[in-house]
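Enquirer: with the sequence up front, the predicted model follows.
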Protein chains: 2
Amino acid sequence: MTDPTQRAAHGAGERASLPMMDTLPTATQLCASILARHQDTISVRKPNIAVARLQQILEVAIDLSNKGGFQAMSLRDLSRETGMSAGGLYAYFDSKTTLLKMILSEVADLVQRVLSSPPAAVTADPVMHLRWLIDTHLRMTEALLPWFTFAFMEAKNFPPAERRMAVDSEMLTESFFSAVVLRGMEEGVFRPDTSPLLPALIKPLLQEWYVKRAKYRRRGITLESYSAEVQQVVLRACLPEAGLFTMPPIRKSGDARP
Amino acid sequence: MTDPTQRAAHGAGERASLPMMDTLPTATQLCASILARHQDTISVRKPNIAVARLQQILEVAIDLSNKGGFQAMSLRDLSRETGMSAGGLYAYFDSKTTLLKMILSEVADLVQRVLSSPPAAVTADPVMHLRWLIDTHLRMTEALLPWFTFAFMEAKNFPPAERRMAVDSEMLTESFFSAVVLRGMEEGVFRPDTSPLLPALIKPLLQEWYVKRAKYRRRGITLESYSAEVQQVVLRACLPEAGLFTMPPIRKSGDARP
DNA sequence: CCTTATCGAGCGAGCGTTCGGTAGATAGAG
DNA sequence: CTCTATCTACCGAACGCTCGCTCGATAAGG
């Protein structure tokens, strides 16, 4: 899976030269991770019960928050939709703010974990690495759309502590892009006058995909075509003019449309 | 001010070939516009009193909302900071939601007014027109930063009616960009295979500037350099390769730094 | 003396959170 | 296997508080 030479088509899922990320965690795995990180505030001891309940609570909380905002979601709403009592909920968090922090920190952690472990196949070439970062970020947000929508909508409007967490996560993401761009410039793959602002401009293009997901669904835009376009725009901004003519096709069409 | 031939330098404020937008309204003018639009819900009759008070109320409301969110701002906070009583405030709006709508609709209206009236100098050339749209949007948000921050932060998380308003405004902004891109393609100035997604990608790049204003201030990035970079990225995405070599300098440096 | 702009105590609703209580699972003793 | 003591996960009424909003009183200008 990580050998750069083994990129040939293999069946209907035929893909372009860009390797996939390693598999993403499921929502259940995220909840298990959250449970482990908050053992002290979660009073339920049996892990299978706790994970199942926590997943239920978080999914409902994310769902309710994504229409109307986290502050607008009352614990009575959460109680009604989960079928649990108010007191029962407090076995899983000690305050509403803790509930928020659970989700935000898990999402921030996930981004860091996924983007910091590219397959060996892409790290050799800055162009490939950059394209992999873009594509992987988009696929990650697509797979866990409600979680990222929640994190984006709620990261602002909150006390210094949580706010700092969001800013740090944002900076970390940008640093992945700027590291690759810098390396590409050092290796002469990217234009020497590539703007230092470019890495900062990539993040909003990736956020656009999940923040305005409904808009692109309405227009019939696939993740593949969006990813390809962002890669195009970014590469055109940093590749030398001569390089544009030899720019590889971003992704074969007719792929992975369910 | 709109004569395309009078672009020569005139003093220290010397500028590049890109013409400025016509002058922007002041906060006071925006408030007068809001007052006119909400005559029926505002019970204060003397216009000079009403405009002054309304401006005070809106500025405090925007300020408080921009730390903590609109929902988190209580009318008691607003009462304390404005020095007005709770009852007194209700002479200027009939509900907290109306207060929100006043600001959102005025911002949406402003964007439409400003972007739909380019100076005659730029409409002839799609490249110039596109650059003017980008630069003007950035300067407008810079001049009325708290208003746009407010509109961005509060447009989500609200009932269908207000939400629709935000979506419509967003679509309208995008339509300005796509109209120019389309015309440029028809005239052969832009690449015929320019992605139909490009116009949608411009908006998040413009929002980035005012949403993350603190970040760019910390890094010492000027509006001029940010505007130049976005223009670069967008033009590289739609100009033919050959056109890149003849791309005009975006904006002279050492300009308009207070 | 009427009009107009403002005041501020107070209302009902709803919020996050607590806590005494309970049903069912669990486990050790007989 | 049965009885019983203990524990665990959950319940839901109640508390203190803050919210958006109302309304009769009031002060100042013409």
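Expert: Right, received. Where do you want to start? Residues are numbered from 1 along each chain as shown, chains lettered A, B, ... in the order given.
Enquirer: close to DNA strand C: what parts of the stretch 51-200 of chain A are there?
Expert: With Cβ under 7 Å from any atom of the strand as the criterion, the stretch 51-200 of chain A meets DNA strand C at residues A:71, A:73-77, A:86-87, A:90, A:94-97. (Each C-beta comes from the backbone N, C-alpha and C, glycine too.)
Enquirer: if I look at residue A:216, how far off is residue A:113?
Expert: 26 Å (Cβ to Cβ, to the nearest Å).
Enquirer: and for residue A:186?
Expert: Taking Cβ to Cβ as the criterion, residue A:186 is separated from residue A:113 by 26 Å.
Enquirer: ditto for residue A:107
Expert: Taking Cβ to Cβ, one finds residue A:107 at 11 Å from residue A:113.
Enquirer: neighbour-wise, which of those two wins?
Expert: A side-by-side neighbour count of residue A:107 and residue A:113, using other Cβ atoms under 10 Å in any protein chain shown, places residue A:107 first with 22 against 13.
Enquirer: so that one is in contact with residue A:146, correct?
Expert: No - the pair residue A:107 / residue A:146 is not scored as a contact, 10.5 Å apart, by Cβ atoms under 8 Å.
Enquirer: how about the secondary structure of residue A:41?
Expert: Classification of residue A:41 by DSSP: H, G, I helix; E, B strand; the rest coil places it in coil.
Enquirer: next, the nearest residue to it once chain neighbours are set aside: phi, psi?
Expert: Excluding the flanking residues, the one nearest residue A:41 by Cβ to Cβ, 6 or more residues apart in numbering or on different chains is residue A:94, at 4.9 Å. The phi/psi pair for residue A:94 (degrees, to the nearest 10) reads phi -100, psi -10.
Enquirer: and residue A:94, how many neighbours?
Expert: Residue A:94 has 14 nearby residues by other Cβ under 10 Å.
Enquirer: and if you look at residue A:170?
Expert: Neighbour tally, residue A:170, other Cβ under 10 Å: 18.
Enquirer: state the pLDDT value of the nearest residue to residue A:47 once chain neighbours are set aside.
Expert: Once flanking residues are discounted, residue A:47 sits nearest to residue A:35: 7.1 Å by Cβ to Cβ, 6+ apart. Here, the pLDDT recorded for residue A:35 equals 97.
Enquirer: check contacts around residue A:35.
Expert: A:42, A:47, A:50-51, A:54 (Cβ atoms under 8 Å, 6 or more residues apart in numbering or on different chains).
Enquirer: quick one: secondary structure of residue A:72?
Expert: With three-state DSSP as the basis, residue A:72 sits in coil.
Enquirer: and for it, the neighbour number?
Expert: 13.
Enquirer: roughly how far does it sit from DNA strand D?
Expert: Distance of residue A:72 to DNA strand D, given as Cβ to the nearest atom of the strand, to the nearest Å: 12 Å.
Enquirer: how is chain A divided into domains?
Expert: A:27-94, A:104-245 (automatic domain parsing).
Enquirer: now those domains in JSON lines, with distance to residue B:135?
Expert: JSON lines is the format used below for the domains of chain A (distance: least, Cβ to Cβ, whole Å):
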{"stretch": "domain A:27-94", "distance to residue B:135": "33"}
{"stretch": "domain A:104-245", "distance to residue B:135": "15"}
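Enquirer: most tightly packed of those domains?
Expert: Of the domains of chain A, the one with the most neighbours on average (mean count of other Cβ atoms under 10 Å in any protein chain shown) is domain A:104-245, at a mean of 18.
Enquirer: give me the low-pLDDT residue ranges for the stretch 151-258 of chain A?
Expert: The stretch 151-258 of chain A contains residues with pLDDT under 70 at A:242-258.
Enquirer: which residues of it lie near chain B?
Expert: Proximity of the stretch 151-258 of chain A to chain B (Cβ under 8 Å from any Cβ of the partner chain) is limited to residues A:153, A:156-158, A:167, A:195, A:197-198, A:200-201, A:203-205, A:207-208, A:212, A:215, A:221, A:225-226, A:229-230, A:232-233, A:236-237, A:241, A:244-245.
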